[in-house]
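# Sharing a model that was predicted from the sequence below.
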Amino acid sequence: MLFEIRDVKVHYGRAEALKGISIKVDEGSVVAIVGANGAGKSTILRTISGLKKPTSGEIWFQRKRIDGLPAHIIVSLGIVQIPEGGMIFAPMTVLVNLKMGAYLRKDKPQIVKDLDVVYQHFPVLKERSGQLAGTLSGGEQRMLAIARALMARPQLLLMDEPSMGLAPMLVEEISKAIRDIEREGISIILVEQNAYMAFTLANRAYILEVGSIVGEGDVEELARDERVKKAYLGG
């Protein structure tokens, strides 16, 4: 077991955003968290990343308890989040954005090699390396956000709505990138409203409704559930 959330509750003031959720991620797997707006999906990622402290419960990564650790320490352990919308550094060049992903690393020769690897994943970023990130198209910015996260050498990648606002052709490009990342042995927690995309990419999925997990299991099993099909897959 690479990662585990155990009965985590999170509050914003008196409002309970997460109501005792538990999630497991095996090494080299893609786990999807599917739910509507306001279900608490982004709160899960913020809590894992150390940006929001849980009210109770535990979060474990590689047999080490990490809830309560500062965000930069969690990144250094190998958990990296791609925020909703990507949040690239618009006034900086593509290359500087990528180097910022490796900010906490000291292994300069390997950073150079990893830069070549992300350029292989996203050739357009090599073509645009000297261009200001804010002038990229929406799809290219999303690719840059993923590439920047990969420069941190994550073992667990947290992806928050990577398909949001993208045309179907670009969604397919992002999906291909996620498959490539999984093949490299990087585990992924994929938060998505696009349940069809999530179920296509994931090994396992959790259904989140108003801060509670109301369904979980292998994606093939969940996809046969009539309630899940009707609510999330248009069945």
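Sure thing, it's come through. Numbers count the residues shown, from 1 in each chain.

# and the gap between the closest residue to E140 other than its chain neighbours and A71?
Distance criterion CB to CB, 6 or more residues apart in numbering; nearest residue to E140, sequence neighbours excluded, is V124 at 5.9 Å. C-beta coordinates here come from the backbone N, C-alpha and C atoms, glycine included. Between V124 and A71 the computed distance is 30 Å (CB to CB, to the nearest Å).

# cool, and A177?
Distance from A177 to A71, counting by CB to CB: 24 Å.

# okay, the two: which has more neighbours?
A177 (19 against 14; other CB atoms under 10 Å).

# secondary structure class for that one?
helix (DSSP: H, G, I helix; E, B strand; the rest coil).

# Contact partners for it?
Residues in contact with A177 (CB atoms under 8 Å, 6 or more residues apart in numbering) are 121-122, 143, 146.

# May I see those organised as CSV, with distance to F61 and neighbour count added?
As requested, those are arranged in CSV below (distance: CB to CB, whole Å; neighbours: other CB atoms under 10 Å):
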residue, distance to F61, neighbour count
H121, 25, 16
F122, 27, 21
M143, 26, 27
I146, 21, 22
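
# How about the helix or strand bottoming out on mean pLDDT in the chain, which residues are buried there?
Ranked by mean pLDDT, DSSP states H and E, the weakest helix or strand in the chain is helix 226-232, scoring a mean of 82. Buried residues in helix 226-232, counted by 16 or more other CB atoms under 10 Å: 228, 231-232.

# Next, count neighbours for the nearest residue to L144 once chain neighbours are set aside.
With sequence-adjacent residues excluded and distances taken as CB to CB, 6+ apart, L144 is closest to I88, at 5.2 Å. I88 has 22 neighbouring residues, counting by other CB under 10 Å.

# So for I88, what pLDDT did the model give?
pLDDT for I88: 92.

# Understood, closing this out.
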